[in-house]
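**Q** With the input below, show me the fold.
(4 chains)
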There are 2 protein chains.
Amino acid sequence: MKSVTIKDVAKAAGVSYSTVSRALSGSPEISEETRRRVVQLCKDMNYTANTVARSMVMKSTKLLGLVLPSINNPFMSEMAYHIDRQARARGYNIILCSSSGDPQQEREQFELMIGRQVDGILLLPAMADSYTLLQPYLNRIPTVFVGDNLREAPESYVSVDNFRGAQLGMKYLYDLGHRDILYFGRRRGSTTHQLRAEGYADFCQQHGLREQYCNNMFSATTIKYGYQQALQLFGQERSYTAIFAATDTNALGIMQAAEELGIRIPDDISLLGFDNIRDSGLPRIDLTTIEQPKKLLASVAVDTLLDKITNELSGYSHRIISPALIERASCRHI
Amino acid sequence: MKSVTIKDVAKAAGVSYSTVSRALSGSPEISEETRRRVVQLCKDMNYTANTVARSMVMKSTKLLGLVLPSINNPFMSEMAYHIDRQARARGYNIILCSSSGDPQQEREQFELMIGRQVDGILLLPAMADSYTLLQPYLNRIPTVFVGDNLREAPESYVSVDNFRGAQLGMKYLYDLGHRDILYFGRRRGSTTHQLRAEGYADFCQQHGLREQYCNNMFSATTIKYGYQQALQLFGQERSYTAIFAATDTNALGIMQAAEELGIRIPDDISLLGFDNIRDSGLPRIDLTTIEQPKKLLASVAVDTLLDKITNELSGYSHRIISPALIERASCRHI
DNA sequence: ATACTATACGCAAACGTTTTAACAGCTTCG
DNA sequence: CGAAGCTGTTAAAACGTTTGCGTATAGTAT
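**A** As a prediction, the model looks like this:
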C-alpha cells in the first residue's frame, strides 16, 4: 500500500517537486501550461498530498480535539454533530475524545491531543473543577469551554444563560398557576447546574415561593438516576404541583417512575425539563423544556476557537446564548 | 506557543536526541541511569512527543477514520461510542467523518482520510451502492464495512444477521397470534433493508401469510418519514393487526401518527421495531424491537480492522452477528 | 599485553511536504 | 551593448521524530 508522493509526480512530469507543490497550491509564479500538465498528471497517478508531512512544515494539522463526557448521550451527540459540521465547513476535522465525565481523563486527553498537535480543543467539561486540573495545559493549546460557564475564570467559553433559563422555566410554571415547585437534580461540581439551581432559588425568593429540593447534591445527569430518585421521591407525600428537572434526561427518568406508579403527567404533576434533547420531542414523551440552542452554541464555539487560533489571541471571550422555552405537553394549568 | 522538542531536552540533558528518543521508547541499549535522568527531565520540561513527526517516520498515525451518515442519530452515536472506546483501548484515535448519507460525500471523506494517512477506515455505509463508488479506494486503505452486508462483495464487513432478525420478529408476532402483518419501510438501495424485507417475505411464504407493504420503495430511516407515511397508511382501511417497522426510527414515527389519530398501541395494533435504539427503551415508548448488539458489532469491527492493518492482510472476512428480540410493551397477543 | 565482545551513546539518513533564496534565460531600458 | 528587471524553475533547508550503523569505552578472555 505504498502511496505515490510528490516526488513520483515530479519525476513523471520532468520537473522539480517544488514545482508540483506550487502547481497544486495555486501559486502565481508558475506558467499556466506546466500547472495544467502537472495537475492532470496528479489526477492520473491518483496522487493525494500527505497531510501529515504538510502539517510538519505548516505547523498546523487542521485538526480540532473534541473532548466530551460521552458521545452516547443525546445532548452531546447533537452538539458533536453541529460542531463537526461547522468545523468541516472551515476546513478542520474533529478527533473524538471521550472523558467519561472524569477530569482525570480529560487531562489525559489534553496530553494526547497536544502530542497530536491539534490546532485547538473544544471542551464540553465534565465538572466545574475541570478547569483547575486543566489549567497547566491552557496556555499550551487554544481551548474553548463549551456548554459550561467558568464564572470568573480567564478562559474562553460559550454557554447558554443557565440562570435565565431557569428563571424562564419558573416564570412559565408560575404563570400556569403553580406555587409549589420542586427542583429536581441539584448538583455540586458543575457550574451549569449551580446556575440553574440559583435561577430557581432566585425566582422563589422574588415571588415568595418555598424552595424544595431533592436532597442529594451529587446527582447524575442520566435517565437512570432520574428514575431511581423519582421512585423514592414519589414514595413520600407530595408537597408540590410541578417538578422542574435540571436536565431532560432526569425528566425522562421521572416520567418513567411516574408511569409505573400511575401518576399522570401533566394531570397529576407538571414536569419541566432543561436542554431539549431530541428524545423530548418524541411522540408520547412531549416534554416541555428549556432549549439550549445547540446549533448556535456549536457554531459560536467553533468560530471562537478558530478565531483564537488564527489570530493567536491570548485574551479570552465569554459568549452567553439566550435560552428559549419549548412548550409541549408535560405542563398544564393548575 | 512554541512547544519543547526532543532537541531541547537533549541539549538540557547533555545527550544526543537519539538517546532521548531511546530513553522514552524503552529501548534496551541505554543505561538505566541516563534513562531515569532523561525521563525526569522530560517531565520537568513538559515535553510531549510530537506525534505528527513520529507518524512520518513510523508510517502510521494511529488514527482511524469513522465515516457515517450522521452522528446525530441514536444508532450511529451509540455505535460511535463503542467504536471509540474499543479503538482507544488499542491505542488508536478516531476522526469523525460525516457523509450525510451521501455516497458522493463518502467518497470525499475517503479522499480526505487517505490524505491524512489514517491507518484504516470504519465505514457505516449509507447505501448499497456505496461499495461501487468507493471501490477504487479500497485497495489504497484498509476498510471495514460495518452494519451493512455487502453480500458477495470481496470486502470485509461486520453486520447483524438482518435476515434472521426479521424472521425472529415475524415468529414472535406469529406466535402472538398475528396473521396479517404489514412490513413498513421497505427500502431500495440498502442491503441491510433488503435483507430484512426478504426475511419478512420468506417467513410469509413459509407460513402462508399475505405479504403487505407500504408501496414506497425509497423510504428514509427517520422519525419524520415514519410519521408522514403512517398518517397516510392509517387513512386507508386496515388489513393488518401488526406492523413490523424496518427501523426503530420509523416505528417512533408510526407511534406518533397513531397517537394523534387515537389508534392505541398495542391495543389496536401491535408494533415491532428493529435496531433497539436508546429511545425505544424510554418509559412511554417501550417499543418491542430486534436488537443489534452494538457493542459487540463495534468491537468486532475495530478488531477486524486492526487485524487487517497490523497483519497487512489482503483478504477479507465476513462477520455476522446474531440479533435478539427485546420484548417490551408495543406488541400484544391477539 | 592483546584481541575480542558488550555496552552505551552519537551521527546522520529518512519520512513527504512547503518555502526561501538562488539562478538561468528573457526582455526592457538607458 | 551592458545593467536591470521579470519569469519560471530548481536546489536546499526545515519541520521533529526513529533507527541503522559506527564508535569509544570498559570489561573479559586468551
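**Q** Around DNA strand D, which positions in the stretch 51-200 of chain A sit nearby?
**A** By Cβ under 7 Å from any atom of the strand, the part of the stretch 51-200 of chain A that sits against DNA strand D consists of A:53, A:56-57, A:59. All C-beta spots, glycine's among them, are computed from the backbone N, C-alpha and C.
**Q** Only whichever of those residues are buried, select them in PyMOL.
**A** For anyone working in PyMOL, the buried entries among these, judged by 16 or more other Cβ atoms under 10 Å in any protein chain shown, can be selected with:
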select buried, chain A and resi 53+56
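**Q** Tell me who's in contact with A:V160.
**A** Contacts for A:V160 (Cβ atoms under 8 Å, 6 or more residues apart in numbering or on different chains) come out as A:147, A:292-293, A:297, A:320-323.
**Q** List just the nearest of the residues you listed to B:D286.
**A** Sorting the contacts of A:V160 by distance to B:D286 puts A:Q292 at the head of the list, at 27.2 Å, by Cβ to Cβ.
**Q** What confidence value was assigned to A:L96?
**A** Looking at A:L96, its pLDDT stands at 98.
**Q** Tell me which two in the contacts of A:V160 are the farthest apart.
**A** The most widely separated members of the contacts of A:V160, counting by Cβ to Cβ, are A:G147 and A:S322 (14.6 Å).
**Q** Which one's more surrounded, these two?
**A** Using other Cβ atoms under 10 Å in any protein chain shown as the criterion, A:G147 and A:S322 rank with A:G147 on top: 25 against 12.
**Q** And the more buried one, how close does it get to A:I309?
**A** With distances defined as Cβ to Cβ, to the nearest Å, the gap from A:G147 to A:I309 amounts to 20 Å.
**Q** separation between the most far-flung residue of chain A relative to its centre and chain B?
**A** Farthest-out residue of chain A from its mean C-alpha position, per Cα atoms, centre = their mean: A:G14, at 50.4 Å. Going from A:G14 to chain B by Cβ to the nearest Cβ, to the nearest Å gives 25 Å.
**Q** Give me the buried subset of the contacts of A:V160.
**A** With neighbours counted by 16+ other Cβ under 10 Å, the contacts of A:V160 contain buried members at A:147, A:292-293, A:297, A:321, A:323.
**Q** need these in TSV with pLDDT, can you?
**A** Formatted as TSV, the entries for the buried ones among the contacts of A:V160 read as follows, by pLDDT from 0 to 100:
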residue	pLDDT
A:G147	85
A:Q292	96
A:P293	97
A:L297	97
A:I321	95
A:P323	96
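**Q** Show me which of the residues you listed is closest to B:N216.
**A** Distance from B:N216 was checked for each of the buried ones among the contacts of A:V160 by Cβ to Cβ. The minimum falls on A:P293, at 33.9 Å.
**Q** which residues does the residue of the stretch 51-200 of chain A at minimum distance from DNA strand D contact?
**A** Nearest residue of the stretch 51-200 of chain A to DNA strand D, counting by Cβ to the nearest atom of the strand: A:M56, 3.4 Å away. By Cβ under 8 Å, 6+ apart, the residues touching A:M56 are B:52-53, B:56.
**Q** go with 10 Å
**A** In this structure, A:M56 makes contact with A:50, A:117, B:50, B:52-53, B:55-56, judged by Cβ atoms under 10 Å, 6 or more residues apart in numbering or on different chains.
**Q** Around chain B, pick out the residues from the stretch 151-300 of chain A.
**A** Where proximity means Cβ under 10 Å from any Cβ of the partner chain, the interface of the stretch 151-300 of chain A facing chain B comprises A:223, A:227, A:252-260, A:265, A:278-279, A:281-286, A:294.
**Q** show me the contacts for the residue of the stretch 101-250 of chain A found nearest DNA strand C.
**A** Taking Cβ to the nearest atom of the strand as the measure, the point where the stretch 101-250 of chain A comes nearest DNA strand C is A:Q117, at 12.9 Å. A:Q117 sits next to A:52, A:55-56, A:59-61, A:63, A:141, B:3, B:48, B:50-53, B:55 when contact means Cβ under 10 Å, 6+ apart.
**Q** Need the buried ones from those selected in PyMOL.
**A** Buried members of those, defined by 16+ other Cβ under 10 Å, are picked up in PyMOL with:
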select buried, (chain A and resi 52+55+56+61+63+141) or (chain B and resi 48+50+51+52+53+55)
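**Q** The helix or strand containing A:T132 near chain B anywhere?
**A** In this structure, A:T132 sits in helix A:130-138 according to DSSP states H and E. Yes. Figure legend: helix A:130-138 in contact with chain B (Cβ under 10 Å from any Cβ); contacting residues A:136-137.
**Q** Which elements pack onto that helix?
**A** Based on contacts counted as 3 or more Cβ pairs under 10 Å, 6 or more residues apart in numbering or on different chains; DSSP states H and E, the elements that helix A:130-138 packs against are helix A:103-115, strand A:120-123, strand A:143-146.
**Q** Show me the one of these that comes nearest A:E237.
**A** Distances from A:E237 to each of those were compared using Cβ to Cβ; the minimum, 38.5 Å, belongs to helix A:103-115.
**Q** which outside residues touch whatever helix or strand A:V9 lives in?
**A** Element membership of A:V9 [criterion: DSSP H and E] is helix A:6-13. Judged by Cβ under 10 Å, 6+ apart, the contacts made with helix A:6-13 from elsewhere in the structure are A:2, A:4-5, A:15-21, A:23-24, A:34, A:37-42, A:44-45, A:47, A:49-50, A:53.
**Q** one more time with 7 Å, if that's ok
**A** For helix A:6-13, the external contacting residues (Cβ atoms under 7 Å, 6 or more residues apart in numbering or on different chains) are A:16-17, A:19-21, A:37-38, A:41-42, A:45, A:47.
**Q** rewinding a little: A:K11 versus the residue of the stretch 51-200 of chain A closest to DNA strand D, what's the distance?
**A** Here the distance between A:M56 and A:K11 works out to 22 Å (Cβ to Cβ).
**Q** same deal with A:K62?
**A** With distances defined as Cβ to Cβ, the gap from A:K62 to A:K11 amounts to 28 Å.
**Q** In terms of packing, which of these two has more residues around it?
**A** Remark: of A:K62 and A:K11, A:K62 carries more neighbours, 16 against 13, as counted by other Cβ under 10 Å.
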